[in-house]
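> A structural model of the following input is requested.
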Amino acid sequence: MLDELIAALPDFNYVYHKDVGGFDTLGPVDFDLDVGQAEFVKKKFPVIYSGEAKIYSDENNLPSGKYHFLPLTFGYIRTEHGGKPLTVINIHGLTSKPDNKLDTPERINQSRAIKKFALEEKGNVIICGDFNVLPETESIAMFNGIFTELIKKYGIATTRSAISPWHGTPNEMKFSDYVFVSPGLEITGFSVPDPEISDHLPLIIEFR
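Modelled structure (predicted):
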(Lines give C-alpha, C1' and ligand atoms only; values in the text may rest on other atoms or scores of the structure.)
Protein backbone atom coordinates (compact mmCIF):
# COMPACT_ATOMS: atom_id res chain seq x y z
CA MET A 1 0.00 0.00 0.00
CA LEU A 2 2.84 2.39 0.80
CA ASP A 3 4.40 1.80 -2.62
CA GLU A 4 1.07 2.61 -4.29
CA LEU A 5 0.76 5.87 -2.37
CA ILE A 6 4.33 6.88 -3.21
CA ALA A 7 3.62 6.28 -6.91
CA ALA A 8 0.37 8.26 -6.73
CA LEU A 9 2.00 11.24 -4.98
CA PRO A 10 5.21 12.02 -6.93
CA ASP A 11 5.27 15.66 -5.76
CA PHE A 12 5.44 14.64 -2.10
CA ASN A 13 8.15 13.46 0.25
CA TYR A 14 7.07 10.84 2.77
CA VAL A 15 8.01 9.54 6.18
CA TYR A 16 7.04 6.00 7.25
CA HIS A 17 6.76 4.86 10.87
CA LYS A 18 6.75 1.14 11.51
CA ASP A 19 4.68 -0.01 14.49
CA VAL A 20 5.22 -3.76 14.29
CA GLY A 21 6.32 -6.50 11.88
CA GLY A 22 4.94 -10.00 11.37
CA PHE A 23 1.55 -9.30 12.94
CA ASP A 24 -1.81 -7.95 11.96
CA THR A 25 -4.84 -7.35 14.20
CA LEU A 26 -5.76 -11.05 14.11
CA GLY A 27 -2.35 -12.30 15.21
CA PRO A 28 0.95 -13.51 13.70
CA VAL A 29 1.23 -13.85 9.92
CA ASP A 30 3.51 -16.12 7.89
CA PHE A 31 4.51 -13.52 5.28
CA ASP A 32 6.52 -10.31 5.19
CA LEU A 33 4.27 -7.63 6.68
CA ASP A 34 4.96 -4.34 8.40
CA VAL A 35 2.17 -2.28 9.94
CA GLY A 36 2.60 1.45 10.44
CA GLN A 37 1.62 4.87 9.22
CA ALA A 38 3.04 7.60 7.02
CA GLU A 39 2.95 11.32 6.39
CA PHE A 40 3.23 12.83 2.92
CA VAL A 41 4.52 16.40 2.60
CA LYS A 42 4.62 18.47 -0.59
CA LYS A 43 8.22 18.84 -1.70
CA LYS A 44 8.05 22.63 -1.58
CA PHE A 45 7.68 22.45 2.23
CA PRO A 46 10.87 21.61 4.15
CA VAL A 47 10.81 18.68 6.55
CA ILE A 48 13.26 19.87 9.17
CA TYR A 49 12.90 16.75 11.29
CA SER A 50 10.60 13.75 11.56
CA GLY A 51 10.21 10.89 13.95
CA GLU A 52 7.88 8.80 16.03
CA ALA A 53 7.08 8.25 19.69
CA LYS A 54 5.66 5.15 21.32
CA ILE A 55 2.07 5.28 22.49
CA TYR A 56 1.70 1.71 23.64
CA SER A 57 3.83 -1.42 24.18
CA ASP A 58 6.76 -2.51 22.05
CA GLU A 59 7.62 -5.30 19.63
CA ASN A 60 9.26 -7.41 22.33
CA ASN A 61 6.23 -7.41 24.59
CA LEU A 62 3.21 -8.37 22.49
CA PRO A 63 0.22 -9.13 24.75
CA SER A 64 -0.79 -12.75 24.21
CA GLY A 65 -4.22 -13.08 22.62
CA LYS A 66 -4.75 -9.30 22.46
CA TYR A 67 -3.61 -8.49 18.96
CA HIS A 68 -5.85 -5.43 18.80
CA PHE A 69 -3.28 -4.02 21.26
CA LEU A 70 -0.41 -4.18 18.82
CA PRO A 71 2.40 -1.68 19.49
CA LEU A 72 1.52 1.82 18.36
CA THR A 73 3.46 5.00 17.69
CA PHE A 74 2.46 8.46 16.62
CA GLY A 75 4.40 10.05 13.81
CA TYR A 76 5.39 13.69 13.62
CA ILE A 77 7.08 16.11 11.26
CA ARG A 78 8.61 19.49 12.03
CA THR A 79 8.48 22.17 9.37
CA GLU A 80 8.23 25.96 9.22
CA HIS A 81 5.19 28.15 8.70
CA GLY A 82 5.35 31.93 8.62
CA GLY A 83 8.94 31.83 9.82
CA LYS A 84 7.99 29.86 12.92
CA PRO A 85 8.34 26.16 13.80
CA LEU A 86 5.28 24.01 13.11
CA THR A 87 4.90 20.42 14.29
CA VAL A 88 2.24 18.12 12.80
CA ILE A 89 1.43 15.03 14.87
CA ASN A 90 -0.33 12.12 13.12
CA ILE A 91 -2.38 9.78 15.33
CA HIS A 92 -3.89 6.34 14.87
CA GLY A 93 -5.05 5.43 18.36
CA LEU A 94 -5.71 2.23 20.24
CA THR A 95 -8.74 0.13 19.52
CA SER A 96 -10.31 -2.33 21.96
CA LYS A 97 -12.58 -5.37 21.95
CA PRO A 98 -15.46 -4.63 21.93
CA ASP A 99 -14.68 -1.26 20.39
CA ASN A 100 -17.06 1.06 22.23
CA LYS A 101 -14.71 4.06 21.81
CA LEU A 102 -14.86 4.87 25.52
CA ASP A 103 -12.01 5.61 27.89
CA THR A 104 -9.68 2.81 28.92
CA PRO A 105 -6.50 3.20 30.98
CA GLU A 106 -4.48 2.61 27.81
CA ARG A 107 -6.36 5.26 25.86
CA ILE A 108 -6.03 7.83 28.64
CA ASN A 109 -2.29 7.15 28.82
CA GLN A 110 -2.17 7.49 25.04
CA SER A 111 -3.69 10.99 25.17
CA ARG A 112 -1.42 11.98 28.05
CA ALA A 113 1.65 10.98 26.04
CA ILE A 114 0.46 12.94 22.98
CA LYS A 115 -0.39 16.01 25.08
CA LYS A 116 2.97 15.95 26.89
CA PHE A 117 4.87 15.69 23.61
CA ALA A 118 2.86 18.50 21.99
CA LEU A 119 3.37 20.87 24.91
CA GLU A 120 7.12 20.39 24.72
CA GLU A 121 7.28 21.39 21.05
CA LYS A 122 8.39 24.87 20.00
CA GLY A 123 6.06 26.94 17.85
CA ASN A 124 2.59 25.88 16.76
CA VAL A 125 1.29 22.32 16.82
CA ILE A 126 -1.37 20.43 14.85
CA ILE A 127 -2.54 17.12 16.33
CA CYS A 128 -4.74 15.13 13.98
CA GLY A 129 -6.00 11.66 13.23
CA ASP A 130 -8.03 8.72 14.50
CA PHE A 131 -8.09 8.75 18.30
CA ASN A 132 -10.61 5.88 18.37
CA VAL A 133 -12.61 7.57 21.14
CA LEU A 134 -15.84 9.56 21.45
CA PRO A 135 -16.00 13.33 22.15
CA GLU A 136 -17.26 13.00 25.73
CA THR A 137 -14.27 10.95 26.90
CA GLU A 138 -11.51 12.13 29.21
CA SER A 139 -9.11 11.14 26.44
CA ILE A 140 -10.43 14.11 24.44
CA ALA A 141 -11.34 16.47 27.30
CA MET A 142 -7.75 16.68 28.54
CA PHE A 143 -6.83 18.73 25.44
CA ASN A 144 -9.57 21.32 26.07
CA GLY A 145 -8.43 24.76 27.17
CA ILE A 146 -4.94 24.14 25.78
CA PHE A 147 -5.64 23.45 22.11
CA THR A 148 -8.55 24.40 19.84
CA GLU A 149 -10.62 21.34 18.87
CA LEU A 150 -11.82 21.90 15.30
CA ILE A 151 -14.46 19.14 15.12
CA LYS A 152 -16.39 20.86 17.91
CA LYS A 153 -15.62 24.44 16.82
CA TYR A 154 -16.90 23.87 13.28
CA GLY A 155 -19.93 21.78 14.31
CA ILE A 156 -18.90 18.70 12.32
CA ALA A 157 -21.73 16.13 12.40
CA THR A 158 -19.61 13.00 11.92
CA THR A 159 -16.13 11.83 11.00
CA ARG A 160 -17.32 8.42 9.78
CA SER A 161 -18.34 7.88 6.19
CA ALA A 162 -21.43 6.49 4.50
CA ILE A 163 -19.55 3.27 3.71
CA SER A 164 -18.86 2.54 7.36
CA PRO A 165 -20.42 -0.88 8.15
CA TRP A 166 -22.31 0.74 11.05
CA HIS A 167 -23.63 3.72 9.08
CA GLY A 168 -27.32 4.30 9.81
CA THR A 169 -27.51 1.53 12.44
CA PRO A 170 -28.13 1.80 16.20
CA ASN A 171 -24.46 0.88 16.72
CA GLU A 172 -23.16 3.79 14.68
CA MET A 173 -20.57 5.91 16.52
CA LYS A 174 -20.26 9.16 14.63
CA PHE A 175 -16.86 10.30 15.88
CA SER A 176 -13.39 8.88 15.98
CA ASP A 177 -11.17 11.50 14.32
CA TYR A 178 -10.10 14.89 15.66
CA VAL A 179 -7.91 17.91 14.99
CA PHE A 180 -6.39 19.97 17.81
CA VAL A 181 -4.40 23.10 16.96
CA SER A 182 -2.40 25.65 18.91
CA PRO A 183 -4.46 28.79 19.67
CA GLY A 184 -1.87 30.89 17.86
CA LEU A 185 -2.45 29.16 14.53
CA GLU A 186 -4.89 31.17 12.38
CA ILE A 187 -7.38 28.69 10.90
CA THR A 188 -9.08 29.99 7.74
CA GLY A 189 -11.13 26.90 6.91
CA PHE A 190 -11.92 23.38 8.04
CA SER A 191 -13.98 20.74 6.22
CA VAL A 192 -14.76 17.03 6.46
CA PRO A 193 -16.00 15.84 3.03
CA ASP A 194 -17.18 12.30 2.26
CA PRO A 195 -15.55 10.93 -0.91
CA GLU A 196 -16.70 7.40 0.11
CA ILE A 197 -13.25 5.81 -0.13
CA SER A 198 -12.82 4.86 3.53
CA ASP A 199 -14.92 4.35 6.64
CA HIS A 200 -13.12 7.43 8.03
CA LEU A 201 -13.48 10.92 6.56
CA PRO A 202 -10.60 13.20 5.54
CA LEU A 203 -9.95 16.23 7.73
CA ILE A 204 -8.96 19.27 5.64
CA ILE A 205 -7.39 22.19 7.50
CA GLU A 206 -6.63 25.56 5.93
CA PHE A 207 -4.49 28.05 7.87
CA ARG A 208 -2.16 30.99 7.46
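
> strands along the chain, start to end?
Along the chain, the stretches classed as strands by DSSP state E are 12-21, 23-24, 27-28, 34-42, 49-56, 72-81, 84-92, 124-130, 148-149, 177-181, 187-191, 204-207.

> any idea which of those scores lowest on pLDDT?
When these are ranked by mean pLDDT, strand 23-24 comes last with a mean of 76.

> so what's the gap between it and the chain middle?
19 Å (Cα atoms, centre = their mean, to the nearest Å).

> can you check stretch 121-133 too?
Stretch 121-133 sits 8 Å away from the centroid of its parent chain (Cα atoms, centre = their mean).

> list the buried residues in that stretch.
For stretch 121-133, the neighbour count (16 or more other Cβ atoms under 10 Å) marks 123, 124, 125, 126, 127, 128, 129, 130, 131, 132, 133 as buried. Heads up, the C-betas are built off the backbone N, CA and C, glycines and all.

> check contacts around the fifth one.
Neighbouring residues of residue 127 by Cβ atoms under 8 Å, 6 or more residues apart in numbering: 89, 91, 114, 118, 143, 147, 178, 179, 180, 181.

> count the residues that sit near the nearest residue to the fifth one once chain neighbours are set aside.
On the basis of Cβ to Cβ, 6 or more residues apart in numbering, the spatially nearest residue to residue 143 that is not a chain neighbour turns out to be residue 180, at 5.0 Å. Neighbouring residues of residue 180 were enumerated by other Cβ atoms under 10 Å; the total is 23.

> residue 180 touches residue 147, doesn't it?
Yes: under the criterion of Cβ atoms under 8 Å, residue 180 makes contact with residue 147 at 3.8 Å.

> which neighbours do those two share?
Common neighbours of residue 180 and residue 147 (Cβ under 8 Å, 6+ apart) are 118, 125, 127.

> of all the residues you listed, which comes closest to residue 172?
residue 127 (24.9 Å; Cβ to Cβ).

> partner residues bridging the closest one?
Here residue 127 sits in beta bridges with residue 89, residue 180, going by DSSP bridges.

> neighbours of residue 164, how many?
19.

> please disregard the earlier target; I meant residue 165.
A count of nearby residues for residue 165, using other Cβ under 10 Å, gives 9.

> from residue 10, how far out is residue 76?
24 Å (Cβ to Cβ, to the nearest Å).

> okay, those two: which has more neighbours?
Between residue 76 and residue 10, counting by other Cβ under 10 Å, residue 76 is the more crowded of the two (25 against 7).

> could I get the contacting residues of that one?
Here residue 76 is in contact with 50, 51, 52, 53, 87, 88, 89, 90, 117 (Cβ under 8 Å, 6+ apart).

> if you set the cut-off to 10 Å instead, what comes out?
Residue 76 makes contacts with 15, 17, 39, 49-53, 87-91, 114, 117-118, 121, 125-127, as judged by Cβ atoms under 10 Å, 6 or more residues apart in numbering.

> who does it bridge with?
Beta-bridge pairing for residue 76 (DSSP bridges): residue 51, residue 89.

> for the remainder of this discussion, apply numbering that starts at 560.
Got it, first residue is 560 now, which makes that one residue 635.

> distance of it from residue 756?
Going from residue 635 to residue 756 by Cβ to Cβ gives 25 Å.
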